[in-house]
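>>> Need a 3D model of the sequence below.
(2 chains)
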Amino acid sequence: MIAAQPLFQWSYVSGQWGEISSDLLQHIALSLIALAIGLVIAVPLGVAAWRFRVLRTPVVGVASALYIIPSLALFAILGPLTGYVASYPTAEIALVGYTLLILIWNTMAGLDAVPPDAREAATAMGYATARRLVRVDLPLALPYVFAGLRVAAATVIGLVTVTALIGLGGLGRQITYGFNIGYYTPIIVGLVLSVALAALCDLLLVGVQRVVVPWTRAPRRGGPG
Amino acid sequence: MAVWDHFRHFVASVAAWLTTSAHWSGASGIPELFWRQAELSVAVVAGAVLVGGAVGLALGHRGRGGLVAVNAANAARAVPSLALLTLFAIVPWISLRGGGFYAAFLALWVLAVPPILTNTYVGVREVDADVRDAARAMGLTGGEVLRSVELPLAAPFVMAGIRTAAIEVVATSTLAAYVSYADLGTPVISGLNTNDTVEAFAGALLVALLAAVVALGLGVVQRLVTPEPLRVGRRPASGIVGLAGGADG
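Coordinates of the predicted model:
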C-alpha cells in the first residue's frame, strides 16, 4: 500500500468527513480557549508590568520560561501536576503559556508607543492615571495587542497538533493516524486544514482590528526583542 | 497530607530515575541521547544558515524580490512540524533511514530556514543607504560592500535569526523522537505512551534544561556579534520576526 499510494485521495476525505470535522472543531475549540484565556491574563499583566516596573522582570521572566520550554516537555511536566496527562487542563495551560510572552510584550510595546501628546491632553482634561490608562492609553495600544494576537494565534493553532501526543490533538489526530497506518492523505488533511485555519484566523483578526481600531493601521508585527 | 506524600514520592521517583546509572550509559543513555539531539540540531541550523543566509544576503543586496521571499518564508512557518515529520517518515525513499535522521533533518530544516532568511534580508536592507553609498564612493565593488559593510552591520540581525531558528529546532527535535529518532525526546514520548509519568517528567526536565541553555547561550553570542557601538541597550532584529512560529516542539 505504501509503495503505490497516491499523495492524496479525496475518497478518504468524503468517507471520513465525520471524523475530520470533529477533529477540526476540537482544534478550533482548543485554540480559541487558549487565546481567550491568554488575552484575559496577558493584557492586564502587561499593563501592570508597564505601569509598575518592579513587576516587569518577574512577569517577563515567567512568561519567557513558559515560552522556551518545548511544548511536549511542558505537557509531560504539567501532566503530573494537573493530575491527568491526557486532559484539557494540561493542554490548555501549556497553550496559554505560549501566548503570554507575545501578548504581554506587545501590550507593553503598545503602551510605550502611545504619543505623549495624547497622554498629556488626557491628563489636562482631568483623567486620573488609572482611568487614563484604561480609557486612553490602552485603546491607543490596541494595534500592538492585535499584532501580538495574530502571532499568538498562528503559534497556538500550529501547536495544537502536538497535543495529539497526549490524547487530544484536534487536527493532530489526523496526522498521528496517518503516520500510524502509513497513509499520506490524513497527514495532508491535517496539514492543509491547520494552515488554512491559521490563515483564516489571521484574516478574521485583521478584519476585527479594522472595525475595533479604525483610526490606525497595524504596526509591523512586534515581539520581544 | 496524602497529596503532599504523593508529591514527595513523585519527586523522589524522578530524582531516582535521573540518578539511575543505567540511564546514563549505553546507546539509550542520557549522554548519547543528548549528543544525538545536539548533532541533529547543529546539522539543521548549519544547513539552514547555508541556504537561508545565502538567499537572504543575495536578495537583501539586490534589494529586489525580497518581500516575496519573506512572505513565502512566513507562510512556510505556519505548517505544523509534526505533519512534516510524519510525512517524511512515511515517504518510502526517506522513511526511517539513518534511524529517522533524514526525515527529522528535512522537517526541521523547513522550520529553520524562514527566520534566518527573513532576518538576514531585513538586516541587509536596514543598512543605511548613506553608508552603502559611501562604501561605493570609496571604490568598493558590490561583493566587497556585501562582505565588509552589509554583512557586519547585518550580523546582529542574522544572529537573531539563527537564535530564533536554533530555539525552534531544539524544541521541535524533541518531536523527532515520535518518528523514532532517538534523542532526549525519547524518554518523554515513551513515558507518555506507557503512562510512565516519572520517565516523561524526568525526560521533560532534561529537554527544558537544554532549551534554556541554548536560548541563554545564543543570547550571549548575539550580543557579542553586535558591533560595539550598536550594543548599548538596543536589542535588534528579533522584534521583526520575533516569536512568530514559536517553539513548535
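>>> just checking, B:Val170 touches B:Leu210?
Yes: counting by CB atoms under 8 Å, B:Val170 touches B:Leu210, with 6.3 Å between them. All C-beta atoms are positioned from the backbone trio N, CA, C, and that covers glycine.
>>> between the two, what contacts are shared?
B:Gln37 (CB atoms under 8 Å, 6 or more residues apart in numbering or on different chains).
>>> And those two? Which one has more around it.
Set B:Val170 next to B:Leu210 and count neighbours by other CB atoms under 10 Å in any protein chain shown: B:Val170 wins out with 31 against 22.
>>> Now do the buried residues in stretch B:29-41.
Residues B:Ile30, B:Leu33, B:Phe34, B:Arg36, B:Gln37, B:Ala38, B:Leu40, B:Ser41 are the ones in stretch B:29-41 that count as buried (16 or more other CB atoms under 10 Å in any protein chain shown).
>>> same check, this time on stretch A:121-130
A:Ala122, A:Tyr127.
>>> Tell me the gap between that stretch and the middle of its chain.
33 Å (CA atoms, centre = their mean, to the nearest Å).
>>> got the contact list for it?
Looking at what lies outside stretch A:121-130 - CB under 8 Å, 6+ apart - the contacts are A:Arg132, A:Arg135, A:Val136.
>>> tell me the pLDDT at the first one?
A:Arg132 is assigned a predicted lDDT (pLDDT) of 91.
>>> ok, now the last one?
pLDDT, the model's per-residue confidence, is 91 for A:Val136.
>>> Sticking with the closest residue to it other than its chain neighbours, tell me its helix or strand.
Using CB to CB, 6 or more residues apart in numbering or on different chains and skipping the chain neighbours, the partner closest in space to A:Val136 is A:Ala122 (4.3 Å). Assigned by DSSP states H and E, A:Ala122 falls within helix A:116-124.
>>> buried residues in the helix ranked longest in chain A?
Determined from DSSP state H, the single longest helix within chain A is helix A:17-51. Residues of helix A:17-51 classed as buried by neighbour count (16+ other CB under 10 Å): A:20, A:23-24, A:26-28, A:30-31, A:33-35, A:37-39, A:41-43, A:45-50.
>>> same thing with stretch B:173-181?
Under 16+ other CB under 10 Å, the buried positions of stretch B:173-181 are B:Ser173, B:Thr174, B:Leu175, B:Ala176, B:Ala177, B:Tyr178, B:Val179, B:Tyr181.
>>> what does it contact?
Stretch B:173-181 is contacted from outside by A:70, A:72-73, A:162, A:165, A:179, B:36-37, B:40-41, B:44, B:81-82, B:85-86, B:88-89, B:96, B:99-101, B:103-104, B:107-108, B:183-186, B:188-189, B:207, B:248-249, using CB under 8 Å, 6+ apart.
>>> So which of the buried residues of stretch B:173-181 sit within strands?
Using DSSP state E to define strands, no part of these is located there.
>>> Kindly state the pLDDT recorded for the nearest residue to B:Ser95 once chain neighbours are set aside?
Excluding the flanking residues, the one nearest B:Ser95 by CB to CB, 6+ apart is B:Ala89, at 6.4 Å. If you check B:Ala89, the pLDDT there is 94.
>>> Same question for B:Arg136.
87.
>>> Now for it: which residues touch it?
B:Val145.
>>> For B:Asp130, see how far away it is.
According to CB to CB, to the nearest Å, B:Arg136 stands 11 Å off from B:Asp130.
>>> Flag the shaky bits of chain B, pLDDT-wise.
Filtered on pLDDT under 70, chain B yields the residue ranges B:1, B:229-249.
>>> Give me the residue at the spatial middle of it.
Chain B has B:Ala166 as the residue nearest its centroid, 1.9 Å off, counting by CA atoms, centre = their mean.
>>> can you count the residues close to the nearest residue to it once chain neighbours are set aside?
Spatially, and ignoring its direct neighbours in sequence, B:Ala166 is nearest to B:Val45 (5.2 Å; CB to CB, 6+ apart). Residues contacting B:Val45 under the criterion other CB under 10 Å number 23.
>>> Contacts only, for B:Val45.
Per CB under 8 Å, 6+ apart, neighbours of B:Val45: B:Ala112, B:Ile162, B:Ala165, B:Ala166, B:Val169.
>>> likewise B:Val188?
By CB under 8 Å, 6+ apart, the neighbours of B:Val188 are A:Leu72, A:Ala73, A:Ala76, B:Thr174, B:Ala177, B:Ala200, B:Gly203, B:Ala204, B:Val207.
>>> Let's see that with 10 Å instead.
A:70, A:72-73, A:75-77, A:165, B:174-175, B:177-178, B:199-207 (CB atoms under 10 Å, 6 or more residues apart in numbering or on different chains).
>>> now do B:Ser28
Taking CB under 10 Å, 6+ apart, we find B:Ser28 in contact with B:Ala22, B:Arg36, B:Ala182, B:Thr186, B:Pro187, B:Ser190.
>>> quick revisit: give me the buried subset of the contacts of stretch B:173-181.
Of the contacts of stretch B:173-181, these count as buried by 16+ other CB under 10 Å: A:70, A:72-73, A:162, A:165, A:179, B:36-37, B:40-41, B:44, B:81-82, B:85-86, B:88-89, B:96, B:100-101, B:103-104, B:107-108, B:183-186, B:188-189, B:207, B:248-249.
>>> list the helices and strands whichever helix or strand A:Ala198 is part of packs on?
Using DSSP H and E, A:Ala198 falls within helix A:184-212. Applying 3 or more CB pairs under 10 Å, 6 or more residues apart in numbering or on different chains; DSSP states H and E, one finds that helix A:184-212 makes contact with helix A:10-15, helix A:17-51, helix A:138-160, helix A:172-181, helix B:66-76, helix B:81-90.
>>> orientation of that helix relative to helix B:66-76 in degrees?
120 degrees (axes from the mean of the first three to the mean of the last three CA atoms, to 10 degrees).
>>> got the angle for helix A:184-212 vs helix A:17-51?
Using the same axes, to 10 degrees: helix A:184-212 against helix A:17-51 is 40 degrees.
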